[in-house]
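1. structure, please.
(one chain, ligands or ions: 1)
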Amino acid sequence: MPTLYEWLGGAPALEKLFSRFYEKVPDEPLLAPLFAHMDPHHAQHVAAWVGEVFGGPKAYSSARGGHAHMISRHAGRAITEEQRRRWVNLLVDTADEVGLPTDPEFRASFVGYLEWGSRLAVVFSAPGADTPGPEEMPTWDWAKPPWQG
Ligand code: HEM
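-> Sure, this is the predicted structure:
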């Protein structure tokens, strides 16, 4: 069974997805203020995170410090539901634009992860929220196995 990482095209496909996504963010009034000072390599960092979660190489935990670091980058940002929804919608639009696989099984798993992760980002970014201590990197797998004729 291929991993989600392999199925979507590996690191090049994820880097293309997130580079394009963060190119568009400054034009989104709801999102632009949150990302006004983002690290110039932010797109690559998020691509490495998602790749590792989807079964790819441990690129995020070896280079960026893993789960605790990712949580700390959201802490205190008070992400609203409207911002979360815009982030997810824009990323799904960008997935179509850059040609990520459109098969039902892949998209169900992909969007399931975006919903889960983005809702956690809202929880952990709330003012005064308790942030968890160091934890294993999460992993994400097929909601339904890919159909292969
Ligand atoms: C599945 C959902 C999400 C994933 C996988 C994700 C992933 C990440 C990662 C890995 C980082 C840290 C990058 C680094 O190592 O420096 C990060 C930072 C950040 N994320 Fe998220 N994120 C998600 C949802 C969201 C949402 C919904 C928002 C807001 C609408 C958001 C806003 C931010 C911001 C503002 C930063 C800091 C950017 C900077 O200034 O460098 N994230 N995210």
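
2. grab the longest helix from the protein for me.
-> The helix that spans the most residues within the chain, counting by DSSP state H, is helix 104-125.

3. report the distance from that one to the chain centre.
-> In terms of CA atoms, centre = their mean, to the nearest Å, the centre of helix 104-125 is found 8 Å from the chain centre.

4. where does this protein have low pLDDT?
-> For the chain, the stretches with pLDDT under 70 are 149.

5. next up, the contacts around the residue of the chain found nearest the ligand.
-> Across the chain, no residue is closer to the ligand than residue 117, which sits at 2.3 Å (CB to the nearest ligand atom). Quick note: C-beta positions are derived from backbone N, CA and C, even for glycine. Shown in contact with residue 117 (CB atoms under 8 Å, 6 or more residues apart in numbering): residue 138.

6. what's the distance between it and residue 52?
-> According to CB to CB, to the nearest Å, residue 117 and residue 52 sit 13 Å apart.

7. what's the neighbour count on the closest residue to residue 132 other than its chain neighbours?
-> Closest residue in space to residue 132, ignoring its immediate chain neighbours: residue 71 at 6.6 Å, by CB to CB, 6 or more residues apart in numbering. Residues lying near residue 71 (other CB atoms under 10 Å) number 19.

8. quick one: residue 133 and residue 67 touch, right?
-> No. Applying CB atoms under 8 Å as the test, residue 133 and residue 67 come out as separate, 9.5 Å apart.

9. which of the two has more neighbours?
-> Remark: of residue 133 and residue 67, residue 67 carries more neighbours, 18 against 8, as counted by other CB under 10 Å.

10. if I look at that one, how far off is residue 138?
-> 7 Å.

11. again with residue 43
-> To residue 138, residue 43 is 20 Å away according to CB to CB.

12. and for residue 125?
-> In this view, residue 125 and residue 138 are 17 Å apart by CB to CB.

13. go on, residue 102?
-> Residue 102 sits 24 Å away from residue 138, taking CB to CB as the criterion.

14. name the residues that touch stretch 14-26?
-> 5, 8, 31-32, 35, 38, 42-44, 46-48, 50-51, 90-91, 94-95, 97-98, 100.

15. quick one: buried ones out of the residues you listed?
-> The neighbour count (16 or more other CB atoms under 10 Å) marks 5, 8, 31, 42-44, 46-48, 50-51, 90-91, 94-95, 98, 100 as buried among the contacts of stretch 14-26.
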